[in-house]
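> okay, predicted coordinates and the sequence, questions at the end:
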Number of protein chains: 2
Amino acid sequence: MRTNPERRTALVDAAIEVLAADGARGLTFRSVDVAAGVPNGTTSNYFANRDDLLLQAGLRIHDRLGADPAHLDQPPSTEFLTSLLQLLQQRLTKDRTGYLALLELRLEATRRPTLQEALTKKVRENLDENIRLHQEHGLPGDPLLLYLTVGGYMLEQLTLPGVLPDGLLEKVIRQLAGSTPV
Amino acid sequence: MRTNPERRTALVDAAIEVLAADGARGLTFRSVDVAAGVPNGTTSNYFANRDDLLLQAGLRIHDRLGADPAHLDQPPSTEFLTSLLQLLQQRLTKDRTGYLALLELRLEATRRPTLQEALTKKVRENLDENIRLHQEHGLPGDPLLLYLTVGGYMLEQLTLPGVLPDGLLEKVIRQLAGSTPV
DNA sequence: ATCACAGTACTCTGCTTGTAGTGGTTTACC
DNA sequence: GGTAAACCACTACAAGCAGAGTACTGTGAT
C-alpha cells in the first residue's frame, strides 16, 4: 500500500471523473489508472479494494463541492438568497462532474452500508450547515424546503435537462423566499 | 429475435428488479436471465443489445409507476392534496424498486442519448399530466414547485434515508399548499 | 409437417485483478 | 560526502472470470 499523498488525491479525483463519465459500472482500478494518466496497476497499489476507493471518493467530493465560503459575506436579504442560488446554478454547470459523481455514489450507497453511513454523515453535516447559515443570516424562507426543492431541481437538470422550463429555478426561489419557516 | 409478449415483459420486469438491486453495473443479459428465472441466453434472444433492454425498461417503468388513477375521484381541496402526497409516500415504500430503477436509468441516460430522449419524453408527459390534474382539480399550490420538492424528497429518502427528519414531507406540503402559483 | 419457441451447451473474447520484479530517487546515518 | 535503506514509479505478466452470442436439440401447436 503506497502512501504518496499527492498521487493519492489525484487518483481519488480521477475516480470522481470516472464516476461521472461512466458511472459506477465503469469504475475499475484500471479505468482510474487511465483517467489519472498513471501506469496500470497503480490504483491497485493505493487502495485495498473497490469499496475503499468508493468511500474515499465519497468523502473527497464533499470537500470539492463544499469549499467556497467566500460569497457568504453579503447582506442577508432576499436579493442575497436569489444571488446565492444563481451561484448554485453556475456551479451546477461548472462542477457538473462532481454533482453527477455524487449522484452515482448515492445510488451505489444503496448497496453498500459502509458507504451509505459515510455519505449520510457528510450530507447531514452539509444540510445542518446550510440551515445554520440560513438562520444566522436571517434569510427568508424555510431552509429545509429550499433544500428539497433545490435538490429536486438539480437532479432534474443533471439527468434530464430537457424536462423543466427555462428560468424555473428563479421563479421557484422567489416563491420560496416568501414562505414562512416550519 | 423471439416475440412471445408475456416472456418479453417478464424479462423487462426482471431487468427493472436487477436495476434496482444491482444498479446499471449489474444489468447484464445473464443477470436478467437469472432474475427472471429463465435459462441462460434467453435475454440475448429477446433483445438486440443492452441499449435496447435499457430503453424497454425505461418505457415500462412509467407504465408501472403511473397506473393508479383510482384515487383521483375526490374533492379538490388541501386535504386532498395532503392525502395524495401521503399516498405518494406509501408508494415510495411499496414501489421502491421501480423508483430506484428509474433513478438508475436517469443516470444511465447521461451516457445514452437515445435513452435520454425517450426518458425525457416520458417524464415530461408525466409532469404535464401532473400539472393538468392539479389545475383541473383546482388544487392549491404551484404544481411545478410541488414537483421539484417531492422529487428532492424522494431522492433523499431513496438513497440516504437517514438524512431528513421524520414527518418532513407533511410539513413541507402544508407550506406549499399555501403558496400561490407562479 | 412446419413453425416458433424453450432450453442446453459451448466457444470466444475481453477485461480485471493482483502481484512480482526492476530500476530510480530520496532520506538518513555514519 | 558516501553508503545503505526505504520508498515508489513503472512494466509485465498470470490467472481467472464474466459476458456475449450462437448453434443445436427437443417440444408443442397449427
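Nice, I can see it. Numbering: from 1, shown residues only, chains lettered A, B, ... in the order given.
> buried ones in the helix or strand containing A:Leu19?
For A:Leu19, the host element (DSSP states H and E) is helix A:5-26. Of the residues in helix A:5-26, A:7, A:10-26 count as buried by neighbour count, 16 or more other C-beta atoms under 10 Å in any protein chain shown. No exception for glycine: its C-beta is placed from N, CA and C like everyone else's.
> can you check stretch A:29-36 too?
Within stretch A:29-36, the residues scored as buried using 16+ other C-beta under 10 Å are A:Phe29, A:Ser31, A:Val32, A:Asp33, A:Ala35, A:Ala36.
> contacting residues around the nearest residue to the second one once chain neighbours are set aside?
To tie it back to what came earlier, the one meant is A:Ser31. Distance criterion C-beta to C-beta, 6 or more residues apart in numbering or on different chains; nearest residue to A:Ser31, sequence neighbours excluded, is A:Val18 at 5.2 Å. Contacts for A:Val18 (C-beta atoms under 8 Å, 6 or more residues apart in numbering or on different chains) come out as A:Gly26, A:Leu27, A:Ser31, A:Val32, A:Ala35.
> cool, A:Thr9 as well?
A:Thr9 neighbours (C-beta under 8 Å, 6+ apart): A:Arg60.
> mind listing what's buried along the helix ranked longest in chain A?
Secondary structure of chain A per DSSP state H: the longest helix is helix A:113-136. Across helix A:113-136, burial judged by 16+ other C-beta under 10 Å covers A:Leu115, A:Gln116, A:Ala118, A:Leu119, A:Thr120, A:Lys121, A:Lys122, A:Val123, A:Leu127, A:Ile131, A:His134.
> pLDDT on that helix, on average?
Confidence for helix A:113-136, expressed as mean pLDDT, is 94.
> DNA strand D contacts on chain A?
Proximity of chain A to DNA strand D (C-beta under 7 Å from any atom of the strand) is limited to residues A:Arg2, A:Thr3, A:Asn4, A:Arg7, A:Val38, A:Pro39, A:Asn40, A:Gly41, A:Thr42, A:Asn45.
> between those, which is nearest chain B?
Nearest to chain B out of these is A:Asn40 (C-beta to the nearest C-beta; 21.2 Å).
> residues in contact with the closest one?
Taking C-beta under 8 Å, 6+ apart, one finds A:Arg30, A:Asp33 in contact with A:Asn40.
> which of the three states applies to it?
coil (DSSP: H, G, I helix; E, B strand; the rest coil).
> spatially central residue for chain A, please.
What sits nearest the mean C-alpha location of chain A, by C-alpha atoms, centre = their mean, is A:Tyr99, with 4.2 Å.
> what's the angle between the lowest-mean-pLDDT helix or strand in chain A and helix A:113-136?
Using mean pLDDT, DSSP states H and E, helix A:78-94 stands out as the lowest-scoring helix or strand of chain A, at a mean of 79. Interaxial angle, helix A:78-94 versus helix A:113-136 (axes from the mean of the first three to the mean of the last three C-alpha atoms, to 10 degrees): 150 degrees.
> quick check: buried residues in helix A:78-94?
Buried residues in helix A:78-94, counted by 16+ other C-beta under 10 Å: A:Phe80, A:Leu81, A:Leu84, A:Leu85, A:Gln89, A:Leu92.
> what does stretch A:42-50 give?
Applying 16+ other C-beta under 10 Å to stretch A:42-50 flags A:Thr42, A:Thr43, A:Tyr46, A:Phe47, A:Arg50 as buried.
> cool, stretch A:153-166 as well?
Going by 16+ other C-beta under 10 Å, stretch A:153-166 has these buried residues: A:Tyr153, A:Met154, A:Leu155, A:Glu156, A:Gln157, A:Leu158, A:Thr159, A:Leu160, A:Val163, A:Leu164.
> and these, which two are furthest apart?
By the measure C-beta to C-beta, A:Met154 and A:Val163 form the most distant pair in the buried residues of stretch A:153-166, at 12.8 Å.
> now check the longest helix of chain A, is it near chain B?
Yes - under the criterion of C-beta under 8 Å from any C-beta of the partner chain, helix A:113-136 makes contact with chain B via A:Gln116, A:Leu119, A:Thr120, A:Val123, A:Arg124, A:Leu127.
> same thing with stretch A:54-71?
No - applying C-beta under 8 Å from any C-beta, one finds stretch A:54-71 separated from chain B by no less than 11.0 Å.
> okay, buried residues for that stretch please.
Buried-residue list, stretch A:54-71, by 16+ other C-beta under 10 Å: A:Leu54, A:Leu55, A:Gln56, A:Ala57, A:Gly58, A:Arg60, A:Ile61, A:His62, A:Arg64.
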